[in-house]
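Participant: with the sequence up front, the predicted model follows.
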Amino acid sequence: MEFESRCVQGSYEPKNGEPRVLPLVQSTTFYYEDADKMAYVFDYPETGHLYTRISNPTIDAFEKKMAALEDGVAALACSSGMTAEMLAILNACSTGDNIISSTTVYGGTYNLFNVTLRRYGVETRFVDPKASEEEIEKLIDDKTKFIYGETIANPAMIVLDFDKFARVAKKHGILFMVDNTLASPYLLKPKKFGANVVVHSTTKYLDGHASCVGGVIVDLGNFEFQGNPRYEELFNKPDDSYHGRTYSKDFGNATFVAKARCQMMRDFGCQMSPFNAYLTNMNSETLHLRMEKHSDNAIRIAKLLANHPAVEWVKYPGLEGDEFYDLAHKYYEKEAFGGMLVFGIKGGKEAAVKFQDALKFLKIVTHIADARSSVLHPASTTHRQLSSADLEACGVPENLVRLSIGIEDYKDIEKDILQALEASRK
Ligand code: PLP
């Protein structure tokens, strides 16, 4: 199936007489006629469902669609984007291990890496996304388990230089994991540029209607665990807690997600609910249509802001002259760059707050990538826990305003932004 057809029909194929729409299986558990039949599924979880913490037909269908959209081999749906990141990292890290991450990641991710995982002995070594390959390599040791970046950093709008990070990861046999939330697989495919694992906050464009918090880990099936000493202990030896199975030997190229499901999800139990999988699956059927409209509205707003006297600067990779224009054009699939953009308003933090408060059609919400246009001033809301130095490190100056441009009629979005810009100068 082509990509757009996968969005619409990629999760479910009805058999004779079955519902046309993916059924919502709102059941915690599944019946087996005898102990042997159930035991078989325990040993070979890929052959059936036992308990919804591990797998469920509705969640499974959504996972299959996500794997298909990212050209991967398997996926694991989680209760949130943060959970997907956490589970993916703990899947390959034990106390004493480290990961290397670009500094310009979403604020919640930065905090998870910089504070919480550190408390459990997993260290994050941050690196400037513009660092040279040699600088990145200097941070690697034999305990390094991931190189991590966001396709387009929220809200710094820095496009990841995939080739550079992928080359380093490949040279050292390290998993390259990418948060592809803000591009969505419609606009960019990390697998084409060397990623091994993709995580998403499905809360954003995949759901796209601000109805379900969720996340997913996608195994791109292109990493060789066997024979790689970095992953020997966790992936290449039998897991006594899981019927003595060896993930890299027994699950083929879906090793990463198999372990994440059979061991991590089993023990941490932070799966997506069947209802959220059902809704997110249905909403993702229009991903390709929405991403075009988001992108079309956003580039027009970016141009409007770039020419407005109340605006100091605009960051949107589709805007000519943007620092990441060339990189975005190298990696994105088409002339479309999503609905999020940021700008610096003249008059600093005070003007930013006035602008935000004056908007009527765009609503102030702690959210992006929704069909409805919205606004947020990170320095006074989502990022307020970060020090000024951390804010700078994340690329979030105090006058930065983040807009998430929706799929409404452009004229309504434009009118509201223009009146709010006037209000910010009073
Ligand atoms: N990754 C990115 C790029 C995000 O923007 C977010 C949330 O805004 C997350 C991950 C976390 O996802 P969630 O809110 O679904 O936990």
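Facilitator: Sure thing, it's come through. Residues are numbered from 1 along each chain as shown.
Participant: hey, let's count contacts and neighbours off CA atoms from now on
Facilitator: Will do.
Participant: run through the residues that contact Tyr186.
Facilitator: Taking CA atoms under 8 Å, 6 or more residues apart in numbering, we find Tyr186 in contact with Phe3, Leu69, Leu287, His288, Met291, Glu333.
Participant: which stretch of helix or strand covers it?
Facilitator: Taking DSSP states H and E as the criterion, Tyr186 maps to helix 184-187.
Participant: quick one: is that helix near the ligand?
Facilitator: No. Figure legend: helix 184-187 not in contact with the ligand (CA under 6 Å from any ligand atom); closest approach 10.3 Å.
Participant: tell me the mean pLDDT over that helix?
Facilitator: On average, the pLDDT along helix 184-187 is 98.
Participant: distance from the chain centre to it, please.
Facilitator: Relative to its chain's centre, helix 184-187 lies at 11 Å (CA atoms, centre = their mean, to the nearest Å).
Participant: any chance of the contacts of Tyr186 in a markdown table, plus distance to the ligand and neighbour count?
Facilitator: Output for these, formatted as a markdown table (distance: CA to the nearest ligand atom, whole Å; neighbours: other CA atoms under 10 Å):
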| residue | distance to the ligand | neighbour count |
| --- | --- | --- |
| Phe3 | 22 | 16 |
| Leu69 | 18 | 21 |
| Leu287 | 17 | 20 |
| His288 | 19 | 20 |
| Met291 | 16 | 26 |
| Glu333 | 19 | 15 |
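Participant: next step: those restricted to helices.
Facilitator: Members of these lying in helices (criterion: DSSP state H): Phe3, Leu69, Leu287, His288, Met291.
Participant: give the contact list for the residue in the stretch 1-150 of the chain that the ligand sits nearest to.
Facilitator: The nearest approach of the stretch 1-150 of the chain to the ligand comes at Gly81, 3.4 Å away (CA to the nearest ligand atom). Gly81 makes contacts with Val199, His200, Ser201, Thr202, Thr203, Val213, Gly214, Gly215, Val216, as judged by CA under 8 Å, 6+ apart.
Participant: any chance of these in a markdown table, plus pLDDT, secondary structure and distance to the ligand?
Facilitator: Putting the contacts of Gly81 into a markdown table (pLDDT from 0 to 100; DSSP: H, G, I helix; E, B strand; the rest coil; distance: CA to the nearest ligand atom, whole Å) gives the following:
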| residue | pLDDT | secondary structure | distance to the ligand |
| --- | --- | --- | --- |
| Val199 | 98 | strand | 8 |
| His200 | 98 | strand | 6 |
| Ser201 | 98 | strand | 4 |
| Thr202 | 98 | coil | 6 |
| Thr203 | 98 | coil | 5 |
| Val213 | 98 | coil | 5 |
| Gly214 | 98 | coil | 5 |
| Gly215 | 98 | strand | 6 |
| Val216 | 99 | strand | 9 |
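Participant: could you point out which element follows the lowest-mean-pLDDT helix or strand in the chain?
Facilitator: Counting by mean pLDDT, DSSP states H and E, the weakest-scoring helix or strand in the chain turns out to be helix 388-393, with a mean of 72. Using DSSP H and E, the helix or strand that directly follows helix 388-393 along the chain is strand 400-404.
Participant: hmm, back to that, from the contacts of Gly81, pick the one nearest Phe251.
Facilitator: Looking at those and their distance to Phe251, the nearest is Val216, at 18.9 Å (CA to CA).
Participant: and for the nearest residue to the closest one once chain neighbours are set aside, the neighbour number?
Facilitator: Closest residue in space to Val216, ignoring its immediate chain neighbours: Ala77 at 4.3 Å, by CA to CA, 6 or more residues apart in numbering. If you count neighbours by other CA atoms under 10 Å, Ala77 ends up with 33.
Participant: list phi and psi for Ala77.
Facilitator: With angles defined as degrees, to the nearest 10, Ala77 sits at phi -90, psi 140.
Participant: surely Gly149 is in a strand?
Facilitator: Yes. Assessed by DSSP: H, G, I helix; E, B strand; the rest coil, Gly149 belongs to a strand.
Participant: picking up where we left off before, what two of the contacts of Gly81 are the furthest from one another?
Facilitator: Between all members of those, the farthest pair (by CA to CA) comes out as Val199 and Val213, at 13.9 Å.
Participant: neighbour-wise, which of the two wins?
Facilitator: Looking at Val199 and Val213 with other CA under 10 Å, you find the greater number of neighbours at Val199, namely 25 against 20.
Participant: double-check that one against Lys191; I have them as touching.
Facilitator: No. Contact between Val199 and Lys191 fails when scored by CA atoms under 8 Å: they sit 11.9 Å apart.
Participant: how about Asp161, what does it touch?
Facilitator: With CA under 8 Å, 6+ apart, Asp161 has these contacts: Pro129, Leu327.
Participant: got a pLDDT number for it?
Facilitator: pLDDT for Asp161: 98.
Participant: can I assume Met264 is in contact with Leu87?
Facilitator: Yes. In this structure, Met264 is within contact of Leu87 by CA under 8 Å, at 6.6 Å.
Participant: of the two, give the one with the bigger neighbour count.
Facilitator: Neighbour comparison, Met264 and Leu87: the larger count goes to Leu87, with 22 against 18 (by other CA under 10 Å).
Participant: would you agree the more buried one falls within a strand?
Facilitator: No. With three-state DSSP as the criterion, Leu87 is assigned helix and is not in a strand.
Participant: wait, it sits on Ala260?
Facilitator: Yes. In this structure, Leu87 is within contact of Ala260 by CA under 8 Å, at 6.9 Å.
Participant: and the stretch 1-150 of the chain, which of its residues are near the ligand?
Facilitator: Residues of the stretch 1-150 of the chain lying close to the ligand by CA under 6 Å from any ligand atom are Ser80, Gly81, Met82, Tyr106.
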